[in-house]
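Peer 1: Predicted structure and sequence below. I'll ask about it afterward.
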Amino acid sequence: MEVRPEAVSGRGRVRCLTVNYHRWYSAIDPPYVIAEIELAEQAGLILLSNVVGSPPDDVKVGMAVTVDFANHEEIYLPVFRVLGDEVQP
Amino acid sequence: MTVGPRFEHHAVVSGIGRSDIGRRLNRDPLELTAQACMAAMADAGLRPEDIDGLSTFPGASTGMSLSPGFTGAGVYDVQRMLGLSLSWHTGGDEVPGQLGSVINACMAVATGLARHVLCFRTVWEATGQGTAGRASVVTGRGTAHERVRVEPARQWTAPFGATALNRYALMTQRHFDRYGTTREQLGQVALIDRHYAALNPAAVYRDPMTLQDYLGGRMISSPLCVFDCDVPVDGSIAVVVSDILTAPDLRKDPVHVEAVGSALGYEGSANMLWQRTDLRPADVDIAEIYDGFSILTLLWLEALGFCSKGEGGVFLSDSSRFLTGGALPMNTGGGQLSAGRVHGYVHFYEACLQLWDEGDERQVVGNPEVAVVTAGASQFAGCLLLTRHR
């Protein structure tokens, strides 16, 4: 079996989420959503990330999301934005 | 899984001891360690010169020590402090839960490497975190800014503001989503712990707590509120594991180690435990179940077979079974949620205390014979079944 990186579409769904209210890092303002994002390409392939651009309470399990990249100097972090209001089980 | 020789039948618990345990004691962690170790040896009727083995979680050199106060003493600190002559010692954080350090001690006496192993766990997180509060757990104390490189394992979590706590919050939410578990059900763990803490003068938080108090608790990471998280403290607990052949020399009849579970995860560890004994969950008189977060207690109860998978919330909702006079008294000293986070050793200490009938006001009635003790979370998990007699 060959193991290698493979590009993905950046689309996925919110599998599970928590709204974090505690300030762990001075540079990251609560509240914010930490979510398990299941990538569109493969069931069970999960990336832990943030869902940004929506009020935390509006983000629901099952929502379709797409990747965005948050730029911090030389680093780009993959975060996700909600695509519409549709919720799939 | 093949059950080989049950080495744990060669091991007994001969003594237990604890230091003062509390919030911001501002005392040297070595002093707290000495207090616990001396108490444990005295309880066993042993002196430092009798001790030839030393075991701890996690010890002085550990990746986990990045968190301030996470470890208050290493094996060499304690060896020098007590002047111990050791034939065997170990410390580390890659073990079957925090009580992997006790399971290691059982192996050491069973294999003849030592006769009396002093096991200890020391924390000084309350003082160590200082005024930086819980944030210091993830960023370290004294970092003027947080432009620190995270170690490889955290590169997938820290940049997204996610800590270990958030991982357990996700695990909890997943249980809620899949099985319909509610905060009212999960909150029973905190209420049960507080019920017993009120009866334990050494517990940290002893004020009565109602379900309304719990539900109104400050949300940390939904659905976990502050009362779902254990309390960082300063303190030390020590236990002595002895070769069963030394039993005639001991101050009191020792507690027996009926079975251990050291396989990966809650279920692996619990299944292994039950494969090594003829006792069944129904035979357990006392449950001391790890509660670093309340959800861990629920998951351990399911894994141990006290209820079926997914039923943990419903099982907890009938909380009377866990309280004084109930069928399965649980976390009878207040657990880590109310008596302080001395990682698993809180539970082990309490199980032995109860089996020795030394629980004073919180003593479980009816001469309890069998206690189950668990520690850890996710893959990092271990458990023991202790009995008063064999």
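Peer 2: Great, that's in hand.
Peer 1: State the phi and psi torsions of B:Met330.
Peer 2: Dihedral angles of B:Met330 (phi, psi; degrees, to the nearest 10) stand at phi -130, psi 140.
Peer 1: And the helix or strand of chain A with the lowest mean pLDDT, how far out from the chain middle?
Peer 2: Lowest by mean pLDDT, DSSP states H and E among the helices and strands of chain A is strand A:75-87, with a mean of 88. How far strand A:75-87 lies from its chain's middle: 5 Å, per Cα atoms, centre = their mean, to the nearest Å.
Peer 1: which helices and strands does that strand pack with?
Peer 2: For strand A:75-87, the packing partners by 3 or more Cβ pairs under 8 Å, 6 or more residues apart in numbering or on different chains; DSSP states H and E come out as strand A:11-20, strand A:46-52, strand A:63-72. C-beta coordinates here come from the backbone N, C-alpha and C atoms, glycine included.
Peer 1: B:Gly53: which of those strands is closest?
Peer 2: For B:Gly53, the closest of those is strand A:46-52, at 40.6 Å, according to Cβ to Cβ.
Peer 1: picking that back up, check the helices and strands packed on strand A:75-87 for me and report the most buried one.
Peer 2: strand A:11-20 (a mean of 22; mean count of other Cβ atoms under 10 Å in any protein chain shown).
Peer 1: what helices or strands is that one leaning on?
Peer 2: Counting by 3+ Cβ pairs under 8 Å, 6+ apart, the packing neighbours recorded for strand A:11-20 are strand A:32-39, strand A:46-52, strand A:63-72, strand A:75-87, helix B:164-179, strand B:219-221.
Peer 1: With distance to B:Tyr290 as added columns, please give the ones you listed in a markdown table.
Peer 2: A markdown table is the format used below for the helices and strands packed on strand A:11-20 (distance: least, Cβ to Cβ, whole Å):
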| stretch | distance to B:Tyr290 |
| --- | --- |
| strand A:32-39 | 23 |
| strand A:46-52 | 24 |
| strand A:63-72 | 34 |
| strand A:75-87 | 33 |
| helix B:164-179 | 12 |
| strand B:219-221 | 19 |
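Peer 1: For B:Asp213, find the nearest of the ones you listed.
Peer 2: Short answer: strand B:219-221, nearest of the helices and strands packed on strand A:11-20 by Cβ to Cβ, at 13.9 Å.
Peer 1: That closest one - what's its average pLDDT?
Peer 2: Strand B:219-221 carries an average pLDDT of 98.
Peer 1: and stretch B:297-310, anywhere near chain A?
Peer 2: No. For stretch B:297-310, no contact with chain A is found by Cβ under 8 Å from any Cβ of the partner chain; the gap never falls below 15.3 Å.
Peer 1: follow-up on the earlier one: list of residues touching the least confident helix or strand of chain A?
Peer 2: Residues outside strand A:75-87 that contact it (Cβ atoms under 8 Å, 6 or more residues apart in numbering or on different chains) are A:10-12, A:14, A:35, A:37, A:47, A:49-54, A:58-70, B:159-160.
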